[in-house]
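In: Give me coordinates for this.
(one chain, ligands or ions: 1)
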Amino acid sequence: MVSAPMYYATTPEMAAAATGAGAFGFIAAGFTPSNTLVKEIQAARLITKTPSKAPVPIGVGLLGWILDKTEASDDPRIPAVLAERPVAIWFAFGVDLGKYVARVREYDAAREHKTIVFVIVNNVDEAVRAANEWKVEVLVVQGNEAGGHGRGDALPLFTLLPSVLAALPSGPVILAAGGISTGNQVAALLTMGADGVVIGSRLLCTPECMYPEQSKEVILNSKLSCTTRSDVFDEVNRTAMWPEGINGRAIVNDIVQDEKIGLDLEERLKKHDESKAKGDSNRLVIWAGDAIGFVNDEESTQSVLHQLHEEAVRAMQNSSKILVA
Ligand SMILES: Cc1cc2nc3c(=O)[nH]c(=O)nc-3n(C[C@H](O)[C@H](O)[C@H](O)COP(=O)(O)O)c2cc1C
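Out: Below you'll find the model as predicted:
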C-alpha cells in the first residue's frame with residue numbers, strides 16, 4: 001500500500017507513519033518552496049530514524065504544471081528534493097511529464113542513487129507512454145473516483161485498471177488509485193492484477209492529516225456519494241490553472257448549488273468569500289473522493305493502514321474458499 005501525496009493534507013508525520021506501518025508514504029508539493037520541502041523531508045528522516053546519508057523511506061509528489069513554472073525559476077524544486085535523497089518521486093498532471101522524469105535520471109546518473117519514479121495515469125495512452133517512453137518504475141492508475149485532481153474523463157477504476165493491465169502485460173509496477181477505502185476493495189484490485197494500491201481520501205481524518213478540523217468534521221458527517229468532479233471548486237478557490245481536461249473531486253455543497261442556479265463567477269466568488277469570513281462550512285472546498293463515505297471515525301494513519309491490510313488478507317483467504325468449493 002502507498003499513501004498518496006495530498007497537497008494541503010499530507011504531512012511528514014503522515015508519510016512517515018505510512019512507511020512505519022509497512023506501507024510507503026508520500027508528502028506533497030504544490031507551490032511549496034524548496035526550503036519548506038527540504039525541511040519536510042528532513043522531518044521525515046528524523047521520524048523514521050534514517051541515518052544522514054541513507055535514502056529517506058518516503059516519496060515526494062510534484063505537480064507537472066507547477067514544475068513548468070518553478071523549474072525555470074530561481075527556486076527549482078527537483079534538484080532540491082533529490083538532494084535530500086527521498087526513495088521516490090511522483091509526478092502528476094502536466095503537459096509533458098517525460099522531461100521531468102529525464103531530469104531525475106540525469107541527476108541520479110551523476111551520483112550513486114536511483115530514485116523510484118511514480119507517474120499518475122488516467123487512461124491507456126498515458127500509461128503506455130509513461131511505461132514505454134519514459135520508462136517509469138511505477139504507474140499510478142487513477143480512476144475517476146479519486147479525490148482531488150484527475151482527468152475529468154478518466155474511467156472508473158474497475159474499468160481503467162484492466163484496460164491498462166491488458167495494454168502493459170509485463171509491467172512496470174502498477175498501483176490502483178481512486179475510491180479505495182475497504183480491505184475488500186484492496187483484495188479485489190490485487191486479484192484483478194494490481195501490484196498494490198494507493199490510499200488517499202481514506203486518510204483525511206487522521207490526526208496526521210493537516211486538513212482543518214472544520215473540514216474533517218464535514219467529512220465525518222458525509223454520506224456515500226457526497227462528492228463530485230467539477231471545475232467549480234477551483235474556480236471559487238482561485239486555482240483554475242490546471243491543464244486542459246483536469247478537474248477536481250470534492251464534497252458537494254453550496255459551491256455546486258451556486259453554479260446550478262446560474263450565478264456568474266463574480267457572484268459565486270462573493271458568496272464563497274462571505275461564507276469563509278463567517279466561518280461557515282457550507283462553501284468550504286474540501287477535496288475528497290468517493291472513499292470518504294466509509295470514513296466514520298478519526299483514526300491514526302497506522303491504524304487505518306493496518307486495518308485495511310488485515311481486511312484485505314481476510315477477504316483473500318475467504319475468496320480462496322470459493323475455489324475449494
Ligand atoms: C486532498 C487531496 C489532495 C491531493 N493532492 C494531490 C497532489 O498534490 N498531487 C497528486 O499527484 N495527487 C493529489 N491528490 C490525488 C491523490 O494522489 C490520489 O490519486 C487520490 O487521493 C486517490 O484517490 P482517493 O482519494 O479516492 O483515495 C490529492 C487528493 C486529495 C484527496
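
In: does I174 sit in a helix, a strand or a coil?
Out: Remark: I174 carries the secondary structure label strand [criterion: DSSP: H, G, I helix; E, B strand; the rest coil].

In: In PDB, list the C-alpha atoms belonging to the helix or strand harbouring F233.
Out: If you go by DSSP states H and E, F233 is part of helix 232-237. The C-alpha coordinates for helix 232-237 follow below in PDB (Å, rounded to 0.1, in the frame of the first residue of the first chain):
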ATOM      1  CA  VAL A 232     -16.400  24.900  -9.900                       C
ATOM      2  CA  PHE A 233     -14.200  24.200  -6.800                       C
ATOM      3  CA  ASP A 234     -11.100  25.500  -8.500                       C
ATOM      4  CA  GLU A 235     -13.000  28.500  -9.800                       C
ATOM      5  CA  VAL A 236     -14.000  29.700  -6.300                       C
ATOM      6  CA  ASN A 237     -10.700  28.600  -4.800                       C
END
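
In: Can you name the next helix or strand after that helix?
Out: For helix 232-237, the following helix or strand on the C-terminal side (DSSP H and E) is strand 246-251.

In: sorry, back to before: return the set of buried residues in the helix holding F233.
Out: Buried residues in helix 232-237, counted by 16 or more other Cβ atoms under 10 Å: V232, F233, D234, E235, V236, N237. Quick note: C-beta positions are derived from backbone N, CA and C, even for glycine.

In: Stretch 180-194 too?
Out: Neighbour-count burial for stretch 180-194 flags I180, S181, T182, G183, N184, Q185, V186, A187, A188, L189, L190, A194 (criterion: 16+ other Cβ under 10 Å).

In: on that earlier part again, now flag whichever of the buried residues of helix 232-237 is closest to the ligand.
Out: Using Cβ to the nearest ligand atom, F233 is the member of the buried residues of helix 232-237 that lies nearest the ligand, at 11.0 Å.

In: Let me know whether that closest one touches D254 as I believe.
Out: No. The criterion here is Cβ atoms under 8 Å, and F233 misses it with D254 at 11.7 Å.

In: Give me the subset of the buried residues of stretch 180-194 that lies in strands.
Out: The strands, defined by DSSP state E, take in nothing from the buried residues of stretch 180-194.

In: Now do the same contact list for the residue lying closest to N237 once chain neighbours are set aside.
Out: Leaving aside its sequence neighbours, N237 sits nearest to V285 (Cβ to Cβ, 6 or more residues apart in numbering; 4.7 Å). Residues near V285 by Cβ atoms under 8 Å, 6 or more residues apart in numbering: F233, V236, N237, A250, I255.

In: Alright, calling it a day.
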